[in-house]
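Undergrad: Need coordinates for the below:
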Amino acid sequence: MRERSTWENVFKETILAFLLLTLLITSMNCPAALSMLTISQMQETENKVDFPSARSIVKVPQNYPTIQEAIDAASPGDIVFVSNGIYSEDVHIYKPISLIGESKENTVIIGSGIRDVITVSSDGVKISEFTVKGSGAKYISPFEGGDAGIRLNGVTNCSLSNLVITNNSIGIFLDSSDNNIIENNDVYLNSMDGIYLRLSNGNVIRRNNCTLNGGHGGIYLNPSSNNNLIENNICNSNLDHGIKLQSNSNNNIVKNNTCLHNNNVGIFLLNVYYNKIVDNNCSFNGQPGIFLRLSEDNLIANNTCKFNRESGIQLDFGNYNNTIKDNICSANGHFGIRLRLSSNYNRIINNTCTLNKLAGIGIEYSDYNEILYNTLSMNYGGGIKIEPVHLTQWNEFMEKFREDVKAKIARGIKVESENSVGNRIHWNNIERNHGSGCIVEVPTEVNATLNWWGDPSGPYHPTLNPNGRGNKVANNVIFKPWLNAPVGISRVGEEEIIKTSTQTFIEKTITQSSSLSITTVKHNEMTTITKTEQESYVITKSITIIETIIKTLTTMLITERSDVTGRYIMVIVSLLTGISLGLLIMKILRKGSEK
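TA: Numbering: from 1, shown residues only. Predicted coordinates for the structure are as follows:
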């Protein structure tokens, strides 16, 4: 027996030596093969850790009868493919997999009705081609959310696409989730919000159909959901708003969305900053097309706001330093654009406001706004209307938003209005309005010089310009000088004559050289003031005020103002008698400006 054991050991050692020799020879003859094998193994290990890719397809019901069992059995990177059918279960995805249905119309997940239908707690999950319905009915608050068809819970880099999300409390809920893509989904008939982002940043929400939802409407951001892109969505016929941004949801881009027939507002901004609301259609809504409250430094541009029951665009209570430009606000039930209740220091530029019921632009208890280059025509209640404060509502808002008001005051913002003082209304085409071109119902004097009132003879005023054939103006409107032709698209290289009741001045657009020289007259002596501009401006040549036009001057005041299209040099000339002779306005275009 001992000899046999020794023989077996020798045999085993011989076989092992032979195998080792064979492997050595193979590696010497084919080093690349061994090297490639080693690299491939390393890459496979790396992929498993950092970049999972599908290793296999787990099928429901072929491999597992329920979706949850298939997910439990799957490895990171696997595809769980679900055949058509109705699956009554709540699903939890806690690993980076792809959950794909056979078709969104016929692959249906119905939840238990007591929680989220699908909860995602892993990064890198993809879900597509399902109908998801039947979440619980719990809704804690607008700041905390509730049960949802699909909840992304503290995750990143997930994708939800080609889904039907209906008959849930919230349709899709992003809760503290960043850099996800939500696209091409039909989200409708959810009792609360269609798509809700809470504390979620950097997400892309695009090409979704969010209609007929309750709660806060189609798409809702609150609170502090920043730097999201919301584009090309349809948010129609929702119980509240089409899209709503609230409570420090800042630096978002909302563009190319359609928000029609919503019960309240098309797009609503509440206490938010630095958002861009551009190229949206917000029409046929039950309240304003676009509505701002307690919001600052937002851009509202190139939107269409027509046939809304209230105003096209409304800034209502405590809005500061917003830019409203290049919008079409027509045929609305109240105003084309309305500024109310301490909406101050805003810029209203190059908007078209026609056929609105109350007026093209309304201003109530709001100060130091710039109303420039707008077309205000054929409005039933007038071109511009300055209204008295609705004191009861003002007091109500001051109480309701007491903490927000305190925060603004602490930042140095003056909330209390001075009854619509300091508003500048220039370079607008105000014509063919029913009633008056400018109606003023407060004791404040309104600066509305250098506007086109519909006729070269200027606006009609019974004592100050009885021969004017343009739109009528109220008693406390400063309207001289006026423009004798409509504001055009471009004045580069042209001269336009501005006529007042006593003198003629020349306005020239300046566009080429690097400095501006203004020659003025003071006490019949020539004085030259030269100002060199920054590189961000383009200037052409000097403009001289002709001595024969202006005589025996006592003062000449030169002031400057800016807007998005350029800077203005304003020369205010007074006679020895103290009577103001007029203004010489020189517009300095910014580089690249078309106007």
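Undergrad: Quick one: low-confidence residue ranges for the stretch 451-595 of the chain.
TA: 489-595 (pLDDT under 70).
Undergrad: same for the helix or strand harbouring Ile100, what does it pack against?
TA: Using DSSP states H and E, Ile100 maps to strand 98-101. Judged by 3 or more C-beta pairs under 8 Å, 6 or more residues apart in numbering; DSSP states H and E, strand 98-101 is in contact with strand 79-82, strand 126-128. Using the backbone N, CA and C atoms, a C-beta is placed for each residue, glycine as well.
Undergrad: Please repeat the previous calculation with a cut-off of 10 Å.
TA: strand 57-60, helix 67-73, strand 79-82, strand 107-110, strand 126-128 (3 or more C-beta pairs under 10 Å, 6 or more residues apart in numbering; DSSP states H and E).
Undergrad: Past the shortest one, which element shows up next along the chain?
TA: As assigned by DSSP H and E, the chain's next helix or strand after strand 126-128 is strand 131-133.
Undergrad: Can you give the strand pairings for the following helix or strand past that next one, parallel or anti for each?
TA: Using DSSP H and E, the helix or strand that follows strand 131-133 in sequence is strand 139-141. Strand pairing for strand 139-141, using DSSP bridges, gives strand 145-146 (antiparallel).
Undergrad: got the contact list for the partner strand?
TA: With contact meaning C-beta atoms under 10 Å, 6 or more residues apart in numbering, strand 145-146 is reached by 116, 135-140, 151, 168-170, 173-175, 191-193, 196-198, 215, 220, 222.
Undergrad: which of these count as buried?
TA: Buried by 16 or more other C-beta atoms under 10 Å: 116, 135-136, 139, 151, 168-170, 173-175, 191-193, 196-198, 215, 220, 222, out of the contacts of strand 145-146.
Undergrad: How about the contacts made by the nearest residue to Asn447 once chain neighbours are set aside?
TA: Setting aside the residues directly before and after it, Asn447 is nearest to Ile478 in space (C-beta to C-beta, 6 or more residues apart in numbering), at 5.2 Å. By C-beta under 10 Å, 6+ apart, Ile478 lies in contact with 425, 438, 445-449, 464, 580.
Undergrad: Next, give phi and psi for Trp394.
TA: Backbone torsions of Trp394, given as degrees, to the nearest 10, read phi -60, psi -50.
Undergrad: How about the one 10 residues further on?
TA: The phi/psi pair for Asp404 (degrees, to the nearest 10) reads phi -60, psi -40.
Undergrad: just the one 4 residues further on next, same as before
TA: Lys408 has phi and psi values of phi -70, psi -40 when expressed as degrees, to the nearest 10.
Undergrad: from memory it sits against Asn321, does it?
TA: No. Look at Lys408 against Asn321 with C-beta atoms under 10 Å: they stay out of range, at 11.7 Å.
Undergrad: would you list the helices and strands packed on strand 98-101 in TSV and tack on mean pLDDT?
TA: Formatted as TSV, the helices and strands packed on strand 98-101 follow (pLDDT from 0 to 100):
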stretch	mean pLDDT
strand 57-60	98
helix 67-73	98
strand 79-82	98
strand 107-110	98
strand 126-128	98
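Undergrad: quick one: the strand holding Ile100 to chain centroid distance?
TA: Put simply, strand 98-101 sits 33 Å off its chain's centre (C-alpha atoms, centre = their mean, to the nearest Å).
Undergrad: same deal with stretch 65-72?
TA: That offset, for stretch 65-72, works out to 41 Å (C-alpha atoms, centre = their mean).
Undergrad: Can you list the neighbours in contact with that stretch?
TA: 57-64, 78-82, 87-95, 97, 99, 101, 107, 109, 118, 130.
Undergrad: For these, which PyMOL command selects only the ones that are buried?
TA: Here is the PyMOL command that picks out the buried ones among these, judged by 16+ other C-beta under 10 Å:
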select buried, resi 58+60+64+78+79+80+81+82+87+90+91+92+93+95+97+99+101+107+109+118+130
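Undergrad: Who's the closest spatial neighbour of Ser135, skipping the chain neighbours?
TA: Leaving out its chain neighbours, the residue that sits closest to Ser135 by C-beta to C-beta, 6+ apart is Asn168, at 3.8 Å.
Undergrad: Let me see the contact set for the one you found.
TA: 111, 113, 116-117, 132-137, 146-150, 187, 189-194, 213.
Undergrad: In three-state terms, label it for me.
TA: coil (DSSP: H, G, I helix; E, B strand; the rest coil).
Undergrad: any idea how far Gly113 is from it?
TA: Asn168 is 10 Å from Gly113, where distance means C-beta to C-beta, to the nearest Å.
Undergrad: Could you check how far Asn251 is from Gly488?
TA: Taking C-beta to C-beta, one finds Asn251 at 36 Å from Gly488.
Undergrad: I'd say Leu376 and Trp427 touch.
TA: No. Here Leu376 does not reach Trp427: they are 11.7 Å apart, not a contact under C-beta under 10 Å.
Undergrad: between the two, which one's more packed in?
TA: Shown here are Leu376 and Trp427; by other C-beta atoms under 10 Å, Leu376 has more neighbours (31 against 23).
Undergrad: Show me whatever sits in contact with both of Lys408 and Asn321.
TA: In contact with both Lys408 and Asn321: Glu296, using C-beta under 10 Å, 6+ apart.
Undergrad: With neighbour numbers in mind, choose between the two.
TA: A count of neighbours by other C-beta under 10 Å puts Lys408 above the other of Lys408 and Asn321, at 18 against 14.
Undergrad: List the residues that contact that one.
TA: 271, 294, 296, 318, 320, 342, 401, 414-415.
Undergrad: Buried only: go through those residues for me.
TA: Buried, going by 16+ other C-beta under 10 Å: 271, 294, 296, 318, 320, 342, 401, 415, out of the contacts of Lys408.
Undergrad: Closest one of those residues to His434?
TA: Distance to His434, by C-beta to C-beta, is smallest for Ser342 among those, at 29.2 Å.
Undergrad: Check whether that closest one really touches Asp404, as I assumed.
TA: No. Assessed by C-beta under 10 Å, Ser342 is found out of contact with Asp404, at 11.9 Å.
Undergrad: which neighbours do the two share?
TA: By C-beta under 10 Å, 6+ apart, the residues touching both Ser342 and Asp404 are 294, 317-318, 397, 415.
Undergrad: how about these in JSON lines, adding secondary structure?
TA: Shown next, in JSON lines, are those (three-state DSSP):
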{"residue": "Leu294", "secondary structure": "coil"}
{"residue": "Phe317", "secondary structure": "coil"}
{"residue": "Gly318", "secondary structure": "coil"}
{"residue": "Phe397", "secondary structure": "helix"}
{"residue": "Val415", "secondary structure": "coil"}
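Undergrad: min pLDDT across those, which one?
TA: pLDDT across the shared contacts of Ser342 and Asp404 is lowest for Val415, at 90.
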